[in-house]
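K.L.:
make a model of this:
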Amino acid sequence: MHLLTAVFFALVALCAHSRVYLKDDLSSPNWESRWVVSDWKKDKGEAGEWSLSSGKYFTDESKERGLKTTQDARFYDISTAHEEFSNKGKTLVIQLSVKHEQNIDCGGGYVKLIPADGLSDQKEFQGGEHETKYNIMFGPDICGYTKKVHFILNRKGTNHLINQEVPAESDEFTHVYTGVLYADNTFKIFVDGAEKKAGAIPEYWNILPPKKINDPAQSKPADWVDERLIDDPDDKKPEGWDDIPAEIKDSAATKPEDWDDDLDGEWEAPKIANPEYKGAWSPKKIDNPLYKGPWVHPQIDNPDYKDDPELYAFDSFKYLGIDVWQVKAGTIFSHFLLTDDWDTAKAEIDVINVIREGEKKKKDEETAAKAAEEPSPPNHEDENKEDL
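P.N.:
Numbers count the residues shown, from 1 in each chain. Modelled structure (predicted):
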């Protein structure tokens with residue numbers, strides 16, 4: 001009993017320390033009380049309108065809602081506030097669902113995590129030249145053949161993109177994207193709960209200077225031979241090689257019957273490529289006996305390199321915002337989650353995966369119903385039998 005009691009209190013302590021900083025699946029319809037639409041681009045008529053929608057395919061409209069972009073070729077900027085927190089010494093899970101119901105051709109589907117001092121007025125949230133400062137940008141981005149998951153970390157005012165491609169989904173169903181930063185300076189990216197990329201942050205973001213650099217005191221020796229092949233000194237150009245013309249007169253050509261030398265001038269046969277012409281001569285290549293291989297620059301420790309065990313950490317998070325441009329509108333954003341608890345995120349992933357399967361089923365049912373309504377083609381064989 002004592003062991004069970006200890007395990008119980010350990011689980012209680014773990015749950016007590018786990019935090020959910022933001023959780024919004026838009027099931028509550030009064031979204032405008034929680035989300036602030038930016039005024040950016042409104043004066044130029046380039047700001048798109050948002051709506052609350054569950055989309056075309058759903059199984060429970062009240063539980064499958066999201067913020068939907070409604071106008072083509074527009075900027076969309078909106079944000080929500082949450083309790084301020086730092087992820088130092090803790091796991092940070094960033095999660096959202098994205099549904100490109102319009103079969104998107106070019107547009108963003110990502111969110112930005114903004115510190116408290118990055119936004120004094122949510123109506124001023126913006127991208128572009130005077131972009132609102134953010135710590136992290138995460139989520140899918142689709143444009144033509146480019147279909148990738150962004151994971152950008154901002155350090156000292158510079159945005160650093162993950163240096164490897166992570167594929168994003170672009171069909172018309174709901175998908176869930178999860179980015180995790182761990183206190184041991186590692187990360188993971190999940191799409192629909194499947195791990196797509198994981199590793200050490202210093203290896204996947206070029207934030208730190210390189211550990212090694214080329215030794216500035218070293219240079220390739222002047223007598224270093226890095227030509228693997230050289231001209232064969234014993235190979236000589238055959239006599240008469242240059243006497244062979246590239247073109248010759250077409251022996252099969254004949255003077256046209258209506259050719260008039262007085263009017264047209266003296267007739268000459270047209271020229272054709274000479275089949276015996278071999279082009280410019282060059283000697284054969286042989287292995288260079290002096291070849292030493294490619295020269296490798298010796299490296300030394302970079303004096304400017306300094307490890308940073310807190311690349312994962314940020315002092316402040318206060319707002320989550322969507323700042324995207326879309327050529328074709330219709331994307332639905334939902335299931336926003338910021339937490340330090342993986343189990344909470346996994347439970348949401350399971351819910352969203354069920355939603356997606358429900359959407360697929362609804363579409364299949366619609367497709368089958370439309371096929372059943374289509375008139376059957378006439379059976380000409382039966383008509384022929386009646387005539388007989």
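K.L.:
only C-alpha atoms for contact and neighbour calcs from this point on.
P.N.:
Will do.
K.L.:
next, residue 202: secondary structure please.
P.N.:
Assigned by DSSP: H, G, I helix; E, B strand; the rest coil, the conformation of residue 202 is helix.
K.L.:
would you confirm that it contacts residue 208?
P.N.:
Yes - the criterion here is Cα atoms under 8 Å, and residue 202 meets it with residue 208 at 6.8 Å.
K.L.:
other SSEs contacting the one helix or strand residue 161 maps to?
P.N.:
Residue 161 is part of strand 158-161, with elements assigned from DSSP states H and E. Helices and strands touching strand 158-161, by 3 or more Cα pairs under 8 Å, 6 or more residues apart in numbering; DSSP states H and E, are strand 146-155.
K.L.:
before we move on, back to that, next secondary structure after the strand holding residue 161?
P.N.:
That would be, after strand 158-161 and using DSSP H and E, strand 174-181.
K.L.:
pick out the residue closest to the middle of the chain.
P.N.:
residue 148 (1.8 Å; Cα atoms, centre = their mean).
K.L.:
list the contacts for that residue?
P.N.:
140-142, 165-168 (Cα atoms under 8 Å, 6 or more residues apart in numbering).
K.L.:
likewise residue 270?
P.N.:
Neighbouring residues of residue 270 by Cα under 8 Å, 6+ apart: 249-250, 253.
K.L.:
now do stretch 202-210, average pLDDT.
P.N.:
For stretch 202-210, mean pLDDT is 96.
K.L.:
what about it, start to end distance?
P.N.:
With Cα to Cα, to the nearest Å applied, stretch 202-210 spans 10 Å between its terminal residues.
K.L.:
what lies in contact with it?
P.N.:
Stretch 202-210 is contacted from outside by 155, 160-164, 185, 302, 304-308, 311, using Cα under 8 Å, 6+ apart.
K.L.:
can you say which of the residues you listed are buried?
P.N.:
Buried residues within the contacts of stretch 202-210, counting neighbours by 16 or more other Cα atoms under 10 Å: 160-162, 185, 311.
K.L.:
the residues you listed into CSV, with extra columns for distance to residue 113 and pLDDT?
P.N.:
Formatted as CSV, the buried ones among the contacts of stretch 202-210 follow (distance: Cα to Cα, whole Å; pLDDT from 0 to 100):
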residue, distance to residue 113, pLDDT
160, 14, 97
161, 15, 97
162, 16, 97
185, 18, 98
311, 15, 97
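K.L.:
between these, which is nearest residue 354?
P.N.:
residue 162 (29.7 Å; Cα to Cα).
K.L.:
spatially nearest residue to that closest one, not counting backbone neighbours?
P.N.:
Closest residue in space to residue 162, ignoring its immediate chain neighbours: residue 205 at 5.0 Å, by Cα to Cα, 6 or more residues apart in numbering.
K.L.:
biggest strand in this protein by residues?
P.N.:
Longest strand in the chain, counting residues (DSSP state E): strand 74-85.
K.L.:
quickly find the element holding residue 36.
P.N.:
Using DSSP H and E, the element containing residue 36 is strand 35-37.
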